[in-house]
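Student: next input, structure requested:
(3 chains)
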Amino acid sequence: MKLNEWLNNEIPTIAKSLEDVHKEYYSIERTIGFEGVERIYKILQNFRSALFPCLCDRFSSDETRINIMIGNKLRTSALDLRDIIEKVLFTNSSDSQLNADEIVINLINKFPEIRRMIQTDIQAAYDGDPATTSTEEILFSYPSIQAISIHRIAHELYKSGVPIIPRIMNEFAHQKTGIDIHPGATIGEYFFIDHGTGVVIGETCTIGKHVKIYQGVTLGAKSFPLDEQGNPIKGIKRHPDIEDHVVIYAGATILGGDTKIGRNSTIGGNIWLTQSVPPNSRVYQSQPSPKIKND
Amino acid sequence: MKLNEWLNNEIPTIAKSLEDVHKEYYSIERTIGFEGVERIYKILQNFRSALFPCLCDRFSSDETRINIMIGNKLRTSALDLRDIIEKVLFTNSSDSQLNADEIVINLINKFPEIRRMIQTDIQAAYDGDPATTSTEEILFSYPSIQAISIHRIAHELYKSGVPIIPRIMNEFAHQKTGIDIHPGATIGEYFFIDHGTGVVIGETCTIGKHVKIYQGVTLGAKSFPLDEQGNPIKGIKRHPDIEDHVVIYAGATILGGDTKIGRNSTIGGNIWLTQSVPPNSRVYQSQPSPKIKND
Amino acid sequence: MKLNEWLNNEIPTIAKSLEDVHKEYYSIERTIGFEGVERIYKILQNFRSALFPCLCDRFSSDETRINIMIGNKLRTSALDLRDIIEKVLFTNSSDSQLNADEIVINLINKFPEIRRMIQTDIQAAYDGDPATTSTEEILFSYPSIQAISIHRIAHELYKSGVPIIPRIMNEFAHQKTGIDIHPGATIGEYFFIDHGTGVVIGETCTIGKHVKIYQGVTLGAKSFPLDEQGNPIKGIKRHPDIEDHVVIYAGATILGGDTKIGRNSTIGGNIWLTQSVPPNSRVYQSQPSPKIKND
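Tutor: Below you'll find the model as predicted:
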């Protein structure tokens, strides 16, 4: 077999070359690795079971055991999360003040409040979609709820200064739902994204209460300033502010850190907007005039 | 360890709080649960094996066994589906006339017709995409076929009045393909969605024969009327009608229950359309005029 | 039980009917089948482990074993890929000159160059996104890297004339990332797709160096010519050329085989473009004027 012989002769050199490139750019012993990513996914599943016991993978309808199950899921995930935070803090952080134990305690302490917030998001879906028939249907089949649940957890870790992990969490949600929310984004209660595929919400976005967004909406950045080395300057406000009770229809693109959408406004679909609009605005494209074929 | 001690002291209270919120909004013993969702996914996989034996997970090329395999997959899934329909009917339905056995018989009876319809969809993909080289390639790598196959099954269950399950089925397709079709939508034969990510087709949409839709197209609702309590009124016609032989390019947003796209029309990309167009229309945005930078 | 009885009586006929339709359109013994698709996915995972050892599913931080692991992954995948290429060549190809061994040798030989190219893509993500904090974060949480890595492999197989397999590879990436790149597309170094959901890049597209594309961008085909039988003519240039240092914002739709975007140009979001623009162009929609509600 020609291939077998070639593999025996050439693979060592090619493997060496791939190893060398990798080591040039990535530390081998300091990475969380694929295994770390899988553990973060597992933590998210356990958190989901704790927040929504009926979504637990080993759900028991024995009422007396539900409390025990929630407690166990929280305990296991908390310890797992602590370990992986310690690993990334050791590898990435310049801030030695951060303490993994405290970060995890802070997060778990917020779970009752996070759960309450998510219930407002579920309510917003129910109020905002005539197609839905029950809040159970929303929990089992609305990608928005999965995305915002993970975001509300990741956002707490982001605020605590944890690197990488919040992004991996939200990218997990992105993969599952097509909704890409940066963990830095600040999002108020009663938030609903209908359908959701293609939605992008940037790091420095702020979103008020009772905001409804449809699929394909981008809340993104315009071009950004570079430093003297030509690198993008980090930490600048780059994404829009959306005030309370705003509705944004499918495919609208709203960009810029000083772009503000005033309260009670409606932005029509496929709008390209890079400047602010005042409260109570309605921003629509004019309707195209159809041409009739003569063939 | 600080975290361990904290967990021992505080988790019982937090778990109790999460349990209480959950019970306030969700019935514990009456839900289909995560396990029910997983069973619905498994039923869909078995249906796929029955419809496309070469996509069976334990495919045998022994011709004599194919018939047996199809029969077994149908039998197992039918019984499973009956059980889970009974569960959701018991929990959700106000209509005690519905009978799970009859619903399943009705569905399985339609499988030959559903299979024939899907073959027209495969043919439409072949005719509509110069990049494809074989119908086998289409079956193995076109998300449109997965989405429309699941939809044609879920739509039958929707018509029978089954709650929640059809939506969970189509949301499974949405997760896999980025194509979000509500099970209520009525879709004619020879239907092709190219690429598909971000497509949304609403509950009361009707789509004729030989319709082609590209990625990011929304067939959605305008704002909808509320009842006296401020809740959206369910069951109203909210989404467009698309007649035969219409092509809709990427990112077009077409909204409204009285919006009709006349036969043989072409809608250009990124169009925002909330009113009807007559047959044979061509609706395009005017081309933008580029500005040249002088730096 | 009514259903059980019905299944016993009717399933044989329905199964026979489904079998007959399938056999009419698909060869049973000549297909790669579901199992073949799963093997292709597994090959991609092994290739990823070889290209990025820290993403290996059984990563060892023992430095002395990394080289061995890379070699093993390459060897196993190479042999697996050879087998499956032989199967599809036997089934699909009219060109009996193609040799599976040579195709695989050619691919593996290019791995060091492919790895180098992907590092430029990682660098482009780092340079192009102020939200990122490290190249490790990019590797673990940027869908663009997964999509372009798979594309750069599939593109080599496409150039070698392998049918179906490259499309199945890129459709795997599409499923995971929402980014749909046809394996025929030619893409230069330092390529970055930010967020990515809904991006479509067609078969005959060419993309230069240092190009940045945002979510929802389509580089697609206009309507295409049919042959005398009414079938689309294959192999014609149908998709745009994007020159070096071009930026295309979210949701832009650029179509046509003779459409060229000149170097250093910026295309704004939600633009619909079916004609060429010269170098250094800036193409934006005019800003809409908001109307203020008076209620």
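Student: domain parsing for chain A?
Tutor: Per automatic domain parsing, the structural domains of chain A span A:1-26, A:31-178, A:185-295.
Student: want to throw these into JSON lines with distance to chain B?
Tutor: For every residue, glycine as well, the C-beta is placed using N, CA and C. Rendered in JSON lines, the data for those read as follows (distance: least, C-beta to the nearest C-beta, whole Å):
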{"stretch": "domain A:1-26", "distance to chain B": "25"}
{"stretch": "domain A:31-178", "distance to chain B": "4"}
{"stretch": "domain A:185-295", "distance to chain B": "4"}
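Student: out of these, nearest to C:Q97?
Tutor: Between C:Q97 and these, the tightest spacing by C-beta to C-beta is seen for domain A:1-26, at 15.3 Å.
Student: by contact count, what packs against the longest helix seen in chain A?
Tutor: When chain A is parsed with DSSP state H, its longest helix is helix A:63-92. Helix A:63-92 makes packing contacts with helix A:33-51, helix A:100-109, helix A:165-177, helix B:2-25 when contacts are defined by 3 or more C-beta pairs under 8 Å, 6 or more residues apart in numbering or on different chains; DSSP states H and E.
Student: reformat those helices as CSV; add distance to chain C.
Tutor: Compiled in CSV, these are given as follows (distance: least, C-beta to the nearest C-beta, whole Å):
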stretch, distance to chain C
helix A:33-51, 5
helix A:100-109, 17
helix A:165-177, 4
helix B:2-25, 25
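Student: just those: most buried one?
Tutor: Mean neighbour counts were taken over the helices and strands packed on helix A:63-92 using mean count of other C-beta atoms under 10 Å in any protein chain shown, and the top value, a mean of 23, falls to helix A:165-177.
Student: tabulate the domains of chain A (CSV), appending distance to B:T133 and mean pLDDT.
Tutor: Written out in CSV, the entries for those read as follows (distance: least, C-beta to C-beta, whole Å; pLDDT from 0 to 100):
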stretch, distance to B:T133, mean pLDDT
domain A:1-26, 25, 91
domain A:31-178, 28, 90
domain A:185-295, 28, 92
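Student: between the ones you listed, which gets nearest to B:L89?
Tutor: Ranking these by proximity to B:L89 (C-beta to C-beta) places domain A:31-178 first, at 13.1 Å.
Student: that closest one: end-to-end distance?
Tutor: By C-alpha to C-alpha, to the nearest Å, the extent of domain A:31-178 from end to end equals 27 Å.
Student: quick one, what contacts A:H245?
Tutor: For A:H245, the contact set (C-beta atoms under 8 Å, 6 or more residues apart in numbering or on different chains) comprises A:208-211, A:263-264.
Student: which one of the residues you listed sits closest to chain C?
Tutor: Of all the contacts of A:H245, the one with the least separation from chain C (C-beta to the nearest C-beta) is A:N264, at 7.3 Å.
Student: thought the closest one was touching A:P279?
Tutor: Yes. A:N264 sits in contact with A:P279 when judged by C-beta atoms under 8 Å, with a separation of 5.7 Å.
Student: overlap in contacts, those two.
Tutor: Counting by C-beta under 8 Å, 6+ apart, the shared contacts of A:N264 and A:P279 are A:E243.
Student: now A:H182: how far from chain C?
Tutor: Spatial separation of A:H182 from chain C under the definition C-beta to the nearest C-beta, to the nearest Å is 6 Å.
Student: over to the nearest residue to that residue once chain neighbours are set aside. Which of the three states is it?
Tutor: On the basis of C-beta to C-beta, 6 or more residues apart in numbering or on different chains, the spatially nearest residue to A:H182 that is not a chain neighbour turns out to be A:E203, at 4.1 Å. Using DSSP: H, G, I helix; E, B strand; the rest coil, the three-state assignment for A:E203 comes out as coil.
Student: now for A:E203, how many residues are close by?
Tutor: Burial measure for A:E203: 24 neighbouring residues, criterion other C-beta atoms under 10 Å in any protein chain shown.
Student: one more: A:G220?
Tutor: 27.
Student: which element is A:L139 on?
Tutor: Taking DSSP states H and E as the criterion, A:L139 maps to helix A:135-141.
Student: need the contact list for A:C54.
Tutor: For A:C54, the set of contacting residues under the criterion of C-beta under 8 Å, 6+ apart consists of A:139, B:22, B:26, B:28, B:31, B:33-34.
Student: again, but for A:L157
Tutor: If a contact means C-beta under 8 Å, 6+ apart, then A:L157 has A:85, A:103, A:107, A:165-166, A:169, A:183 as its contacts.
Student: ok, the residue nearest to A:I43 when sequence neighbours are not counted - contacts?
Tutor: Distance criterion C-beta to C-beta, 6+ apart; nearest residue to A:I43, sequence neighbours excluded, is A:S77 at 4.7 Å. Neighbour list for A:S77: A:43, A:46-47, A:50 [criterion: C-beta under 8 Å, 6+ apart].
Student: nearest to B:Y249, of these?
Tutor: A:F47 (41.0 Å).
Student: hang on, isn't that closest one packed against A:I153?
Tutor: Yes. Look at A:F47 against A:I153 with C-beta under 8 Å: they come within range, at 6.1 Å.
Student: against C:A125, how distant is the residue nearest to A:H182?
Tutor: A:E203 sits 15 Å away from C:A125, going by C-beta to C-beta, to the nearest Å.
Student: repeat for A:Q175
Tutor: Taken as C-beta to C-beta, the spacing of A:Q175 relative to C:A125 amounts to 17 Å.
Student: now do A:K293
Tutor: Applying C-beta to C-beta to A:K293 and C:A125 gives a distance of 44 Å.
Student: same question for A:L255.
Tutor: A:L255 sits 19 Å away from C:A125, going by C-beta to C-beta.
Student: then A:I14?
Tutor: When distances are taken as C-beta to C-beta, A:I14 and C:A125 turn out to be 25 Å apart.
Student: select, out of the domains of chain A, the one closest to B:L226.
Tutor: Distances from B:L226 to each of the domains of chain A were compared by C-beta to C-beta, and the smallest falls on domain A:31-178, at 9.0 Å.
Student: could you report the distance from A:Q275 to chain C?
Tutor: Taking C-beta to the nearest C-beta as the measure, A:Q275 and chain C are separated by 6 Å.
Student: give me the number of neighbouring residues for that residue.
Tutor: Residues lying near A:Q275 (other C-beta under 10 Å) number 13.
Student: can you confirm it is in a strand?
Tutor: No. Assessed by three-state DSSP, A:Q275 does not belong to a strand; its assignment is coil.
Student: what's it in contact with, if anything?
Tutor: The neighbourhood of A:Q275, defined by C-beta under 8 Å, 6+ apart, consists of A:256, A:259, C:287.
Student: which among those residues end up buried?
Tutor: Burial by neighbour count, 16 or more other C-beta atoms under 10 Å in any protein chain shown: within the contacts of A:Q275 this picks out A:256, A:259.
Student: state the helix or strand in which A:I118 lies.
Tutor: Using DSSP H and E, A:I118 falls within helix A:111-128.
Student: if we can go back for a sec, thought the residue nearest to A:H182 was touching A:A185?
Tutor: Yes. A:E203 sits in contact with A:A185 when judged by C-beta under 8 Å, with a separation of 6.4 Å.
Student: many thanks, I have nothing further to ask.
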